[in-house]
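**Student:** pasting the structure only:
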């Protein structure tokens, strides 16, 4: 049975090679291969498409970081009863989020529509407002005492 399949494959390849000698069957095969390449080939992206995708990714990242910052700020507002380690961790997380947000440009050139209001002005960013209000509210110094070290 395997010999029959081998002979059929060899006969098919021989017939294909003979058919490729003529112009019309060769044009059919070339057209078919081009159609498959256009359908399943890797699409080429333009530089504009790449830039738009990068900007969309930055906008989504900024939105995600801003949401995380709001959540951490809510935790900081009500963590007086928590341990000093947890308070310090919350503040370190907040500082890291602010630093990450500072690395993302506030407005991308003509593309960022998530921060533009209907009046055409840009709202104040949450981390700018929170930085001034939290600094004004914090009046006491928090001390983390670690005992047992020699």
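**Tutor:** Right, received. Where do you want to start? Quantities reported herein were computed from a predicted structural model and do not represent experimental measurements.
**Student:** drop to CA atoms for contacts and neighbour counts, all remaining ones
**Tutor:** Will do.
**Student:** continuing past whichever helix or strand residue 32 is part of, what's the next helix or strand?
**Tutor:** Assigned by DSSP states H and E, residue 32 belongs to helix 23-40. Sequence order places helix 47-77 as the next helix or strand after helix 23-40, per DSSP H and E.
**Student:** Now do residue 62: how many residues are near it, please.
**Tutor:** For residue 62, the neighbour count with other Cα atoms under 10 Å is 20.
**Student:** I should have written residue 34 there, sorry.
**Tutor:** Other residues near residue 34 come to 13 when the count uses other Cα under 10 Å.
**Student:** now the helix holding residue 32: mean pLDDT?
**Tutor:** Across helix 23-40, the average pLDDT comes to 88.
**Student:** Which residues does it contact?
**Tutor:** 19, 20 (Cα atoms under 8 Å, 6 or more residues apart in numbering).
**Student:** 6 Å - rerun?
**Tutor:** residue 20 (Cα atoms under 6 Å, 6 or more residues apart in numbering).
**Student:** buried sites along it?
**Tutor:** Neighbour counts over helix 23-40 (16 or more other Cα atoms under 10 Å) mark no residue as buried.
**Student:** Same question for stretch 84-98.
**Tutor:** Buried residues in stretch 84-98 (16+ other Cα under 10 Å): 87, 90, 91, 93, 94, 97, 98.
**Student:** now it: mean pLDDT?
**Tutor:** Averaging pLDDT along stretch 84-98 gives 91.
**Student:** residue ranges with poor pLDDT in the chain?
**Tutor:** Along the chain, the model assigns pLDDT under 70 to residues 43, 106-150.
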